[in-house]
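In: Pasted the sequence and its predicted model underneath.
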Amino acid sequence: MIIAVDGPTASGKGTIAQAIAAHFGLPHLDTGLLYRAVGRQVQLGGGNPDDPDDALRASAFPDSLLADQVLRSEAVGGYASRVSVHPPVRQALLERQRAFAHQPGGAVLDGRDIGTVIAPEAGVKLFVTASVAERARRRWLEMRARGIDVARAAIEADIAARDARDMGRADAPLRAAPDALVLDTTAFGRDQAIEAAIEAVLARIG
């Protein structure tokens, strides 16, 4: 069973995907982390994330980079969004993601194009979303908890800019698959969102 969980940044898709994977005993891959690793590799090498050649070279990042906690930073997230617009980068990471999805027993993958590009044959597809204001509030609280002082308005502007890039790119734009179950978590707390997602999966698989 392949379960695809897509959605924009800070929508809660990662938390939901991890909970679904734990509930059904399936391996989980945060595909956004791969793009963050490419972005971080560009950053480490002093490259330009908007240059397709710099971004493609960075896609050969060492596996050890995936364990670097700095990948979760806002700065690297911005780099990830910028390198992800380059088709050669997306192609370089495509087979890695497909191999994970098609391992025996299935898997849960979360990202922005799992149900539309990586695993369109997934048995269950969720598209997790929330308002820009709510996503900015969640990210702001996360950052405050980590001792990072940043203006909430700046986070909201950054999220809106990422949405525009992700939805507007020519290659694999962010969108819900036609057969995806759309889950708007704007009014949900963490536990409510997880419960609703698991119920949606159970309903889809019967």
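Out: Noted; the coordinates are in hand. Numbering: from 1, shown residues only.
In: all contacts plus neighbour counts: C-alpha atoms, from now on.
Out: OK.
In: What segments of the protein are strands?
Out: With strands called from DSSP state E, the chain shows them at 2-6, 28-30, 107-111, 124-129, 181-184.
In: Give me the most central residue, this protein.
Out: G111 (3.3 Å; Cα atoms, centre = their mean).
In: residues in contact with that residue?
Out: Contact analysis of G111 by Cα atoms under 8 Å, 6 or more residues apart in numbering lists 5-7, 13, 30-32.
In: Pick out whichever of those sits closest to F24.
Out: V5 (14.2 Å; Cα to Cα).
In: so how many other residues sit close to that closest one?
Out: Neighbours of V5 under the rule other Cα atoms under 10 Å: 30.
In: about what we covered before: do you know which of the strands of the chain lies nearest R146?
Out: strand 28-30 (21.0 Å).
In: What is that closest one packed up against?
Out: With contacts defined as 3 or more Cα pairs under 8 Å, 6 or more residues apart in numbering; DSSP states H and E, strand 28-30 has these neighbours: helix 13-24, strand 107-111.
In: Give me the sheet partners of that strand and which way each runs.
Out: In the sheet, strand 28-30 lines up against strand 107-111 (parallel) (DSSP bridges).
In: Check the offset of the strand it pairs with from the chain's centre.
Out: Its chain's C-alpha centre and that of strand 107-111 lie 9 Å apart, by Cα atoms, centre = their mean, to the nearest Å.
In: on that earlier part again, out of the strands of the chain, the one nearest L174 is which?
Out: It is, among the strands of the chain and with distance given as Cα to Cα, strand 2-6, at 8.2 Å.
In: tell me what the closest one is packed against?
Out: Under the contact criterion of 3+ Cα pairs under 8 Å, 6+ apart, strand 2-6 touches helix 13-24, strand 107-111, strand 124-129.
In: Throw these into TSV and include mean pLDDT and distance to P88, thanks.
Out: Below are the helices and strands packed on strand 2-6 laid out as TSV (pLDDT from 0 to 100; distance: least, Cα to Cα, whole Å):
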stretch	mean pLDDT	distance to P88
helix 13-24	97	25
strand 107-111	96	18
strand 124-129	98	25
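In: so which of the ones you listed gets nearest Q43?
Out: Closest approach to Q43 among these is made by strand 107-111 (21.5 Å; Cα to Cα).
In: Now that closest one - C-alpha only, CSV.
Out: C-alpha atoms of strand 107-111 as CSV (Å, rounded to 0.1, in the frame of the first residue of the first chain):
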residue,chain,number,x,y,z
ALA,A,107,5.3,3.1,2.1
VAL,A,108,4.1,6.6,3.1
LEU,A,109,5.7,9.5,1.3
ASP,A,110,5.0,13.2,1.9
GLY,A,111,5.9,16.1,-0.4
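In: Return the set of buried residues in it.
Out: Buried positions in strand 107-111, judged by neighbour count with 16 or more other Cα atoms under 10 Å: 107-111.
In: one step back: which one of the strands of the chain lies nearest to Y79?
Out: strand 107-111 (15.7 Å).
In: Just want the angle from the closest one to strand 124-129.
Out: Interaxial angle of strand 107-111 relative to strand 124-129 (axes from the mean of the first three to the mean of the last three Cα atoms, to 10 degrees): 30 degrees.
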